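Engineer: A structural model of the following input is requested.
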Amino acid sequence: MQFTDEWLVHTIDPLLPDGSIAAIRQEPATAPASLWEILVQRKLVGDDQILKAISARFRIPIAELARIDPKLQQSVPEQVARRFNVVPVRQTDSYLEVATANPFDIDAEKMLAFATGRDVRMLVGSPSTIRQRIDELYRSDDVVNRLLEGIGGDFEVKELKEEEDAAASAEEASQRPIIRLVDVMLADGVASRASDIHVEPIEGGVAVRYRIDGVLRQVMKIPRTAGLPLISRIKILSGLDIADRLRPQDGRARVSVNGEAVDLRVSTLPASLGEKVVIRILSQRATALSLDALGMHPDEQEAIKRLLSAKEGIILVTGPTGSGKTTTLYSAIRLIQSEGVNIVTVEDPVEYRLGENIVQVQVHEKAGLTFASALRSILRQDPDVVLIGEIRDQETAQIALQASLTGHLVLSTLHTNDAPNAVTRLVDMGMEPYKIASALRGVVAQRLMRRVCTKCREASTEPVPERVAKFIPAGTPLFRAVGCPECSQTGYRGRFSIMEVLTLNAEIERRIGAGATAEQLANAARSAGMRSLWESGLRHLLAGESTVEELLRVTDVPLDGAPAGEAPAPEQARGDHHPARGAAASPMSTAAPVTPAGSAPALDFTMDMELVDEPGTTEVDGVTGRGRGAKVLLVEDEEQLRRVIKDLLEREGYIVTEARDGVQALDQVDRHAPDVIVLDLNLPGLDGYSVLQQLRSRPATRAIPVMVLTAKGDEDNEVRVFELGADDFLTKPFRARALSARLEAILGRHRA
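Structural biologist: Model (predicted):
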């Protein structure tokens, strides 16, 4: 027998009984095998002993593989990692550390250096541990192949019939492997605490993504031959028409996962590559319907309880889709639920069954049962409390206001950015301001922030963005998300609510009746003690419950800063204003001094790209910066990232014009004749590839240099971009110095 790791023989031989390796060589074999793995499988020696022997003889460090940063997935392509059985451990600007069972594999070192553009440092690790970490990092698709072969698992999913079961007519969707695949997908989604499962057709197959703690993660790719029957099986399970693939459909199902009843809401959407299916998982056990479980601050909870003590009026909960509005309403209903109170809800859909003494009505628009018609009938049922799932139109808003003015307590939701804008939204719907002032009792705006995993969190040593630093007292311990098996390598586990509670008083009521703007209402509410979403989230951050990155993902930093005396501390309702935490260590501090109070703060450059070093500036012909007045067209659909790049380029001396999509980009090219174009690929409508193709096909724009920005850093994408005529290619996230230097080089070549 020959060994794939012959280099290991002399190192390992002293640890074994005499003749052990020679005996293994005498065994018949059809192909070379790993000596390391044979010895470990036969328990002749352990991984730790082999690692120590290699490290001692060759002075190679042993890799620490207990934790692998999920972000390293982007540094080494999965094909390379699996081909050479290496896993990235650490990466800097200049080098990459990888764990390998063969530190003398020159081919692996060359391939890694070529793929990453960095020097490669080899650390030693056991083959089995490395394979396990590769599977965790890249989420192997082998599980899908095993499922399609009919291999089972230790889970059980059963459909719970509420009414007569419709017979399935699609033979391919009724095959055992497909049924098993759907079962394991649902069981794994519930076990992973997913709130939604997205099944999306892609080129050559179907991708499955879970939304865990509000963020989507891809978990598997399914071949197209199995993906289409999978979607049909889901439609059969939820009572949808599998023959109709051209119209959106909505359905529902109830299943038992390991004995736990789980409600499913299924939505389909026809797309260019096939139907996309989204499954909303509504698990009663996973959702604790109580105010205590929402994670809000005690004073916020007390403010909501005071609102619920009202006997009439309307209370609104606002926020975008997925911000937890329905859960908050259900928790509020549970608080006032009793035998002596008649509570009726009208919802679309009824997400959770709330139990006794609560009547829940499901909207059915095809049958004529809309929010408005249901609400009219409910008011004839002598209700004390009415919950309206959502105020969507003028008619529903009108009836809700009338009900709240005639002795009923009405709870509902609106889609607005903050609490004061709920009044503006009602006015836009046609409600009279004086009626709103009389009926409204309060508005609760909320968002959900992810809770940093307490098992793997680490103290953060990164400098705090300058615009955030002024809100954080000096010496406050902050944490960063790391990732471990407990949190599925995300660094976060669970979520909590951050709240902005606007309670009406005489002054706010007067302003609403007078037609005040949302800003004027916000000023009056803040004077009465209302804290913003930013302040609520900041208090959780200072208490060590989340990270700076998560706070910036969920909320916006106040543009005018925090007035003195209003920077909240964990133990105070309103703490004292503190000097900026770590201002001298801020990455931008050498170029951007601390912004004076009352002026616009510097933009946070850590949101979408990593800006570590501030490029140097020069002055030529009276124009400061490397840009020297060159005109740049910046095409980027993400507003925050666009603002970040624009701010950087303008401080470099460039004149920046913006475009949010491909159509607008072509229009701006004709209007402004830029010297260079910075083009994102993933654009709505007309994507970056099409924009680039049109630019190169028109004589007037053929010579304009184009730098492409993209999150797709794979080789095929890069080759395609250059074939279409791009001048440079930069992968997100990137550094400020890299962007500045590349733009300067492009313009230099163009001028030459």
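
Engineer: Only C-alpha atoms from now on, for both contacts and neighbour counts.
Structural biologist: Fine.

Engineer: Do a quick rundown of the strands in the stretch 501-650 of the chain.
Structural biologist: Secondary structure of the stretch 501-650 of the chain by DSSP state E, counting those that start in this stretch: the strands cover 619-620, 623-624, 631-635.

Engineer: in its sheet, what does the last one sit against?
Structural biologist: Spelled out, it's strand 631-635. strand 655-659 (parallel), strand 676-680 (parallel) (DSSP bridges).

Engineer: Can I get these in JSON lines including mean pLDDT, mean neighbour count and distance to residue 454?
Structural biologist: Formatted as JSON lines, those follow (pLDDT from 0 to 100; neighbours: other Cα atoms under 10 Å; distance: least, Cα to Cα, whole Å):
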{"stretch": "strand 655-659", "mean pLDDT": "90", "mean neighbour count": "18", "distance to residue 454": "42"}
{"stretch": "strand 676-680", "mean pLDDT": "91", "mean neighbour count": "24", "distance to residue 454": "37"}
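
Engineer: Out of those strands, flag the one nearest residue 698.
Structural biologist: strand 676-680 (15.0 Å; Cα to Cα).

Engineer: Give me the contacts around that closest one.
Structural biologist: Residues from elsewhere that reach strand 676-680 (Cα atoms under 8 Å, 6 or more residues apart in numbering): 630-637, 688, 704-710, 747.

Engineer: got the buried residues for stretch 315-333?
Structural biologist: For stretch 315-333, the buried set under the neighbour-count rule, 16 or more other Cα atoms under 10 Å, comprises 315-319, 323-333.

Engineer: Now, these that are in helices?
Structural biologist: 325-333 (DSSP state H).

Engineer: Just the endpoints, please. Distance across stretch 249-269?
Structural biologist: End-to-end span of stretch 249-269 (Cα to Cα, to the nearest Å): 7 Å.

Engineer: Now do that stretch: distance to the chain's middle.
Structural biologist: 23 Å (Cα atoms, centre = their mean, to the nearest Å).

Engineer: Could you check that stretch and say which residues are buried?
Structural biologist: Within stretch 249-269, judged by 16+ other Cα under 10 Å, the buried ones are 249-257, 261-269.

Engineer: contacts for the helix or strand residue 496 falls within?
Structural biologist: According to DSSP states H and E, residue 496 maps onto strand 492-503. Strand 492-503 has contacts (Cα under 8 Å, 6+ apart) with 213, 294-296, 300, 303-304, 307, 324, 418-420, 441-453, 481, 483, 487, 525, 530-533, 536-537.

Engineer: partners of that strand, with directions?
Structural biologist: strand 440-452 (antiparallel).

Engineer: then the partner strand to CSV, C-alphas only?
Structural biologist: The C-alpha trace of strand 440-452 is given here as CSV (Å, rounded to 0.1, in the frame of the first residue of the first chain):
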residue,chain,number,x,y,z
LEU,A,440,-55.2,58.5,19.0
ARG,A,441,-53.8,57.4,22.4
GLY,A,442,-50.3,56.4,21.4
VAL,A,443,-48.0,55.0,18.7
VAL,A,444,-45.3,52.4,19.2
ALA,A,445,-42.6,52.2,16.5
GLN,A,446,-40.3,49.2,16.7
ARG,A,447,-37.5,47.2,15.1
LEU,A,448,-35.8,43.9,16.0
MET,A,449,-32.1,43.8,16.8
ARG,A,450,-30.2,40.5,17.0
ARG,A,451,-28.8,39.5,20.4
VAL,A,452,-25.0,38.8,20.3
